[in-house]
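Visitor: Got a predicted model here, sequence first, then my questions.
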There are 2 protein chains.
Amino acid sequence: MPEYKAPIRDVKFVMQELLECEAHYQHLGYQDASLDMVDAIIGEAAKLTEEVVAPLNQIGDQQGCTWKDGVVTTPDGFKEAYAQYVEGGWPTLSQSEEFGGQGLPHSLNISIAELFSSANHSFAMYPGLSHGALATIEAHGTDAQKQQFMPKLVDGKWTGTMCLTEPHCGTDLGMLRTKAELQADGTYSLSGTKIFISAGEHDLSDNIVHIVIARIPGSPEGNKGISLFIVPKFNVNEDGTISDRNGVNCGSIEHKMGINGNATCVINFDGATGHLIGEPNRGLKCMFTFMNAARIGVANEGVAAAEASFQGALAYAKDRLQMRSISGVKNPNGPADPIIVHPDVRRMLLTQKSIAEGGRALVSYLAQLVDIGHAEKDEAVKADAETKLALLTPIAKAFLSELGFESTSHGVQVFGGHGFIKEWGMEQLMRDTKISCLYEGTTGIQALDLLARKIIGTQGEVLKPFSKDVTVFCQQNIDNPAMAEFIKPIMAYAKEWHEITVLIGGKAMKNPDEIGGASVDYLMYAGYVTLAFFWAKMAKVAQDKLAAGTTETAFYEAKIKTAQFYMQRMLPRAKGHAACIANGVDSMMALDSEDFVF
Amino acid sequence: MPEYKAPIRDVKFVMQELLECEAHYQHLGYQDASLDMVDAIIGEAAKLTEEVVAPLNQIGDQQGCTWKDGVVTTPDGFKEAYAQYVEGGWPTLSQSEEFGGQGLPHSLNISIAELFSSANHSFAMYPGLSHGALATIEAHGTDAQKQQFMPKLVDGKWTGTMCLTEPHCGTDLGMLRTKAELQADGTYSLSGTKIFISAGEHDLSDNIVHIVIARIPGSPEGNKGISLFIVPKFNVNEDGTISDRNGVNCGSIEHKMGINGNATCVINFDGATGHLIGEPNRGLKCMFTFMNAARIGVANEGVAAAEASFQGALAYAKDRLQMRSISGVKNPNGPADPIIVHPDVRRMLLTQKSIAEGGRALVSYLAQLVDIGHAEKDEAVKADAETKLALLTPIAKAFLSELGFESTSHGVQVFGGHGFIKEWGMEQLMRDTKISCLYEGTTGIQALDLLARKIIGTQGEVLKPFSKDVTVFCQQNIDNPAMAEFIKPIMAYAKEWHEITVLIGGKAMKNPDEIGGASVDYLMYAGYVTLAFFWAKMAKVAQDKLAAGTTETAFYEAKIKTAQFYMQRMLPRAKGHAACIANGVDSMMALDSEDFVF
């Protein structure tokens, strides 16, 4: 099993040097988030993930969760590790001080979350889900609801879930059947079945607070008749203490490809008491509060998976001796050269590395936009950040989960046949990471959100703030010869991105299916160009550091070389996507659905 | 679990209409392989795979094989199904009549093998391995060895294996340590440990004949000191009857990502009696007899996986109702439209379909080249076929295993979250298929075989016969307006393929690492163009059938539409690979191996 080392140096590079988090935090009023504090927190998170959480990753996969009579038991060690997580105050990090949180920035929490996800995807999901529930209650709950439910969610003694999917509907939530009937006391009685509820039932916390979408009888059909409810496993008194058991039961857990350490539950609501959040029939809008946060979380999982698989593959590639380098013996005292000498092995390692580090920059940037959304006073700045977040969230979610998955596949390939053997842990990373391409909206759904809803839906307006940043950065550096290898291709691709957008927009006027025909290729194209922008920015920081004089020459030179690899061997993949988009949707729609097989 | 239906119509289209197998068989002297006979055999194979083999696929995954004290038990039903397979005479199909075979063409066997692999990858590997062992003994064994070992391997009462890999060497077999010492009686005593031995021990057959590579003490180091041996589980008397147990033991079985129904064994040789095949120290050359056949077999697994996953995804996409078509409601009486109306779902389905059907054509063509290698009298024709086989085997193995795997991933995506759940069977296809990108030489190794050994190694000579076929086909059809949409791009890509080859060859003169830097992208590029050629040929056949008048209009039109999808949405992916190759290897080699992480 690959031994996990938290990439502390790189996390700090991204947060502190690339994104200048100190100034960002001070500006937003996060006075406690000094560089020293950030360093200390990252250091502690590294220790916990390396020493406690990572060692449970393989056992979590092997044992999985078990279900008996509605009770779910997590794998050996998860309960103790979660207790340590709570004890250490990790759940409280970015929560409001009003409810017992530390009031630190959300972005810091997101950077920490990557470490937990790399160490143990299944474990990291338990607290991950609580964040969504908390964010929803904080944004849309009444003061009484906040007092009742938030403190215990904040301190981690309770956990949360998001209950959306039903057997017959996932993407199309307007079809949901779970019913919520108003009771005399103002609560609602919920009945129905939800599936795919991550962390829906387990033994880590004293109570589980489900955020549930349901339909109030008489509501409009479809998306306009969805309401949102708090439905706790145990009812909660007004003072926040636990009362009797609610009518919420775990009917079974799923047997899955991966993330076996996380319980994916069927949750049955049998006249369960629920508390309406926000207004009736406005549930879908409220739900997007946690949906958007969750999507950044999934993008982060892609980064985490790329990092974990890279670490395993790198260690093996330095250790495994096989064949001689074609350009001359590199390890004359051994029976063969370490496989890291072979260009194709390096291609796979650098692909992983450039995705992990590039993805880390993108996700950390999104995390800062989230901070701005929470704490910026200037409404124009805030609106600008929210527009960028709207654009970049589906890109990051789908592109990084797909490339994170690709990275785990390279990790297996670097190990050759050994990669297929469970013992080494490389195939588990593949199995665990595939879920990131599926949940919180599949890659296809993200692509439609991006292209149909956001880009075509705003006639391209959503692109402007981010495009402007790219343009400004390019203009600032266009006359710098050392930056030419980054700036020139980015300008060319950014131009092509614009042309492709106009092309699809034009075609879609005649045939709206052109949008769906282009969407995934369009998202991947956008992803490659977006990451190129972040790689160029990182190369610039590294160049500046080297020019200013540094003792970490090798670190900054490696950053520039990885940026060069990305520009030369990753970004050109966008050409294939552009070529596919150019050919349009006709060949996809020509076949009658009955003529797919004979 | 997806229900498997053998794609009989398409198998016949490829064999009979595209590749005109009747004329091919008659020319080579396979008099028994009439169209009626071929039809009957495909029909029987369809029945056996659909009714007996496919229903064991999921249970094979769930139960896996079990090991106790050296004895391996296959999953419930495998033993009975294998007995039925033997009873039906399937192992004998393409074997020599001299040893009890039916003497039918190898290509027929390869077409049948696809059905078995689609139905149950793990099960299909048991007889698959026997073919390799048989081919080796027939090609390189003495008459006595053939008499002793072949009849029972031919009738399937015994099975075979290939024992190459050792813990410290897989790709680099020259490092092997298994020792073979000459005994007074002319046999050899083998000692050592082999790993990853598929079907190395099991309960399906009375004896297991291992083909083992080992080093005779005093032999040259490296690849020039490898010899090949027959080492049976039970010793065999000269008359072919079973004698005492040999010193061959299964030390354990691996726990793997997939193919759980197939036993992947550690095999210990403790002074086991072995019989030298061929000359001492010429083992590696003999081994390539089964290696090349095995690689076509793995290419076939990619096709099989694409087909199986396509079938599952298609059924789901027609059934699952979710969202409305963006171009207008398609299922007004239902609560939503079936997801097959959505362009992105169609993109995934057509990707799977175009890989399965295009790959089937390519593998079936390779199978005919194998027939020619066996039975053609004209040495020039035979040499031409062997050169094409040398070129196309690594392309087919790596490209089709990679795209087969991609197809299984699309199958999961079409199912959304349900794809991740074991019950549906879609994720098993992914897990099972990943092995095809690894064994018999990883994708990286195939790419080096193609580009370094074969293309650069022959200064491009190996490309000529196949290129000529492509050129002739294009010239024949260039003036046909109905074929322009296929011929024009193929000519352009074939030209670019040539240019890329020259470019890499030139760069490699200065830096041999350029070969490894380009190899996988080069192979993928070659794969997309090669499959385009087969799609164009299939489109031509379909056009001709339609022009001549047919009752199967829908079938042939679907073929043309799928060809159009391939040309418009799959082939352009090659552009991304070409763009990556153009940027060369420098960015891959710049980083010192110690500077990959800090």
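Guide: Perfect, I can see it now. Residues are numbered from 1 along each chain as shown, chains lettered A, B, ... in the order given.

Visitor: What pLDDT does the model give the residue of chain A found nearest chain B?
Guide: Nearest residue of chain A to chain B (Cβ to the nearest Cβ) works out as A:Gly576 at 2.8 Å. To be clear about C-beta, it is placed using only N, CA and C from the backbone, and glycine gets the same treatment. Per-residue pLDDT puts A:Gly576 at 97.

Visitor: give me the number of residues near the residue nearest to it when sequence neighbours are not counted?
Guide: Spatial nearest neighbour of A:Gly576, excluding adjacent residues (Cβ to Cβ, 6 or more residues apart in numbering or on different chains): B:Gly576 at 2.8 Å. By other Cβ atoms under 10 Å in any protein chain shown, 26 other residues sit near B:Gly576.

Visitor: need the next SSE after the helix or strand containing B:Gly576, C-terminal direction.
Guide: Taking DSSP states H and E as the definition, B:Gly576 sits inside helix B:573-582. Where DSSP H and E defines the elements, the next helix or strand beyond helix B:573-582 is helix B:586-589.

Visitor: For that following helix, list every residue counted as buried.
Guide: B:Ser587, B:Met588, B:Met589 (16 or more other Cβ atoms under 10 Å in any protein chain shown).

Visitor: same deal with stretch A:133-153?
Guide: A:133-138, A:140-141, A:145-146, A:148-153.

Visitor: tell me, which of the buried residues of helix B:586-589 make contact with chain A?
Guide: Counting by Cβ under 8 Å from any Cβ of the partner chain, B:Ser587, B:Met588, B:Met589 from the buried residues of helix B:586-589 sit close to chain A.

Visitor: Mind putting those residues into a markdown table with pLDDT?
Guide: Formatted as a markdown table, those follow (pLDDT from 0 to 100):
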| residue | pLDDT |
| --- | --- |
| B:Ser587 | 98 |
| B:Met588 | 98 |
| B:Met589 | 98 |
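
Visitor: can you put those in JSON lines and add distance to A:Ile445?
Guide: Converted to JSON lines, these look like this (distance: Cβ to Cβ, whole Å):
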{"residue": "B:Ser587", "distance to A:Ile445": "34"}
{"residue": "B:Met588", "distance to A:Ile445": "35"}
{"residue": "B:Met589", "distance to A:Ile445": "40"}
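
Visitor: quick one: which of the residues you listed is nearest to B:Gln102?
Guide: B:Met588 (50.5 Å; Cβ to Cβ).

Visitor: ok but A:Gly417 is inside a strand, no?
Guide: No. A:Gly417 is assigned helix when assessed by DSSP: H, G, I helix; E, B strand; the rest coil, not a strand.

Visitor: so it touches B:Leu438, yeah?
Guide: Yes. Counting by Cβ atoms under 8 Å, B:Leu438 is a contact partner of A:Gly417 at 5.4 Å.

Visitor: Show me which of those two is the more surrounded one.
Guide: Ranked by neighbour count (other Cβ under 10 Å), A:Gly417 and B:Leu438 place B:Leu438 first, with 23 against 20.

Visitor: which residues sit in contact with that one?
Guide: A:Val412, A:Gln413, A:Gly416, A:Gly417, A:Gly419, A:Phe420 (Cβ atoms under 8 Å, 6 or more residues apart in numbering or on different chains).

Visitor: Quick check: which of these are also close to chain B?
Guide: A:Val412, A:Gln413, A:Gly416, A:Gly417, A:Gly419, A:Phe420.

Visitor: from those, which is closest to B:Ala180?
Guide: Scanning those for proximity to B:Ala180, where the rule is Cβ to Cβ, the winner is A:Gly417, at 23.2 Å.

Visitor: Once you drop chain neighbours, what's closest to the closest one?
Guide: Closest residue to A:Gly417 apart from its sequence neighbours, by Cβ to Cβ, 6+ apart: B:Phe196 at 5.0 Å.

Visitor: follow-up on the earlier one: what's near enough to touch the residue nearest to A:Gly576?
Guide: Contacts of B:Gly576 (Cβ under 8 Å, 6+ apart): A:Pro572, A:Arg573, A:Ala574, A:Lys575, A:Gly576, A:His577, A:Ala579.

Visitor: Does the fourth one touch B:Lys575 like I think?
Guide: Yes. Contact criterion Cβ under 8 Å: A:Lys575 and B:Lys575 qualify, at 4.6 Å.

Visitor: Overlap of the contact sets of the two?
Guide: Here A:Lys575 and B:Lys575 share no contacting residue, scored by Cβ under 8 Å, 6+ apart.

Visitor: Now for the closest residue to A:Asn207 other than its chain neighbours: which residues touch it?
Guide: Leaving out its chain neighbours, the residue that sits closest to A:Asn207 by Cβ to Cβ, 6+ apart is A:Trp158, at 4.3 Å. Counting by Cβ under 8 Å, 6+ apart, A:Trp158 makes contact with A:Ser130, A:Phe149, A:Lys152, A:Ser205, A:Asp206, A:Asn207, A:Ile208, A:Val209.

Visitor: Kindly reformat those as a markdown table and extend each row with pLDDT.
Guide: What follows is the contacts of A:Trp158, written out as a markdown table (pLDDT from 0 to 100):
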| residue | pLDDT |
| --- | --- |
| A:Ser130 | 92 |
| A:Phe149 | 97 |
| A:Lys152 | 97 |
| A:Ser205 | 98 |
| A:Asp206 | 97 |
| A:Asn207 | 98 |
| A:Ile208 | 98 |
| A:Val209 | 98 |
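
Visitor: Would you map the strands across chain A?
Guide: For chain A, applying DSSP state E gives strands covering A:66-68, A:71-73, A:158-163, A:179-182, A:188-198, A:207-214, A:227-232, A:234-236, A:242-245, A:248-253, A:264-277.

Visitor: Let me have those in CSV, adding distance to A:Asp36 as columns.
Guide: Formatted as CSV, the strands of chain A follow (distance: least, Cβ to Cβ, whole Å):
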stretch, distance to A:Asp36
strand A:66-68, 44
strand A:71-73, 41
strand A:158-163, 31
strand A:179-182, 48
strand A:188-198, 35
strand A:207-214, 34
strand A:227-232, 38
strand A:234-236, 38
strand A:242-245, 39
strand A:248-253, 43
strand A:264-277, 38
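
Visitor: Of these, which is nearest B:Leu531?
Guide: Counting by Cβ to Cβ, and looking across all of the strands of chain A, nearest comes strand A:188-198 at 36.4 Å.

Visitor: And the closest one, what's buried?
Guide: Judged by neighbour count (16+ other Cβ under 10 Å), strand A:188-198 contains these buried residues: A:Tyr188, A:Ser189, A:Leu190, A:Ser191, A:Gly192, A:Thr193, A:Lys194, A:Ile195, A:Phe196, A:Ile197, A:Ser198.

Visitor: between those, which is closest to A:Arg431?
Guide: Nearest member of those to A:Arg431, counting by Cβ to Cβ, is A:Ser198, at 15.6 Å.

Visitor: Report pLDDT for that closest one.
Guide: pLDDT at A:Ser198 comes out at 97.

Visitor: ok, now the one 5 residues further on?
Guide: We have a pLDDT of 98 for A:Asp203.

Visitor: which ones are touching A:Gln413?
Guide: So A:Gln413 contacts A:Met348, A:Gly419, B:Cys437, B:Leu438, B:Thr442, B:Thr443, B:Gly444 (Cβ under 8 Å, 6+ apart).

Visitor: Chain B contacts on the stretch 401-550 of chain A?
Guide: Residues of the stretch 401-550 of chain A lying near chain B (Cβ under 8 Å from any Cβ): A:409, A:412-413, A:416-417, A:419-423, A:427, A:430-431, A:434-435, A:437-439, A:442-444, A:447-448, A:452, A:511-513, A:515-517, A:519-520.

Visitor: again, 6 Å this time
Guide: By Cβ under 6 Å from any Cβ of the partner chain, the part of the stretch 401-550 of chain A that sits against chain B consists of A:413, A:416-417, A:420-422, A:427, A:435, A:438, A:442, A:444, A:512-513, A:516-517, A:519-520.

Visitor: Just the ones of these in helices?
Guide: A:Gln413, A:Glu427, A:Gly444, A:Asp513, A:Gly516, A:Gly517, A:Ser519, A:Val520 (DSSP state H).
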